[in-house]
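> Kindly generate the corresponding structure for this input.
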Amino acid sequence: MFFTVDIKKAVITAAGAHQRTLPLQSLVDRDGTSKTALQIVVEEVFAAGIEDLCVVVHPGDETAYREAAGAHGGRLHFTEQQEPRGYGHAVLCARGFTGEDPFLLLVGDHLYVSREAKTCAQQLVEVARAEGCSVSAVQATHESKLPYFGAVGGRLDGARRGLYRVDSVVEKPTPTEAEQRLLVPGLRAGHYLCFFGMHVLTRGLMGILAERLSGAGAAEGVSLSAALAVLAG
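Numbers count the residues shown, from 1 in each chain. This is a model prediction of the structure:
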């Protein structure tokens, strides 16, 4: 889906039962300063030119998260995921915040380390602005790690290094399924392109999530990867 609106909003998901305390832990940043993991991710977001940021939290966690964000706490919006219905549902909980606008999405239990001067979020936002469509960050991942990630199949977009046009998306594929559907020319044998928790998404994605939430099987949870597969189609 093509869009021309600038990307000024971001969402961080942090409501997962087994991950919700990780963003509150303190670490030493690369500049030697002690910060919470949440503060590091929030700084990543704002460094990418984002103006408004919403954090999706478990009910009752807002105060702890606002404090963990340090000086940025007053700039944050919060929304709660009232029940665990999947990662896609957590993203959909922020629909009232994102509205019709494209947005940057990150997970709260990851830290992102760039090999370049620009942060990972900056690089992703710049690509999304240039291409005018949803963009997901991926990394080459060995097939032994496939049970932990969503993965994509596709091809290089012309001669542009590191930019792929997505044909298919599968959540936690088996090695056999990956070999059949997710081979990407140019990758080492046994490696696939897997998500690492950062996307720029269009308003169309929220509509797909809402449809899947109301559909058959939604009680088992709503997958972001499944919605991205529809979007890629």
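> which helices and strands sit right next to the longest strand along the chain?
In the chain, taking DSSP state E as the definition, the longest strand is strand 191-201. Applying 3 or more Cβ pairs under 8 Å, 6 or more residues apart in numbering; DSSP states H and E, we find strand 191-201 packed against strand 103-107, helix 120-131, strand 135-142, strand 150-156. Placement of C-beta: from N, CA and C, glycine included.
> Strand partners (parallel or antiparallel) of the last one?
Under the criterion DSSP bridges, strand 150-156 sits next to strand 164-171 (antiparallel), strand 191-201 (antiparallel) in its sheet.
> quick one: buried residues of the helix or strand following the last one?
Okay, so that is strand 191-201. Following strand 191-201 in sequence order, the next helix or strand is helix 203-214 (DSSP states H and E). Buried residues in helix 203-214, counted by 16 or more other Cβ atoms under 10 Å: 203-210, 212-213.
> Which one among those sits at the bottom for pLDDT?
For those, the minimum pLDDT belongs to R203; the value there is 81.
> Closest to the centroid, which residue in this protein?
M198 (3.3 Å; Cα atoms, centre = their mean).
> Surely that residue touches Y112?
Yes. If you go by Cβ atoms under 8 Å, M198 and Y112 touch, sitting 6.6 Å apart.
> if I look at those two, which residues touch both of them?
106, 120-121 (Cβ atoms under 8 Å, 6 or more residues apart in numbering).
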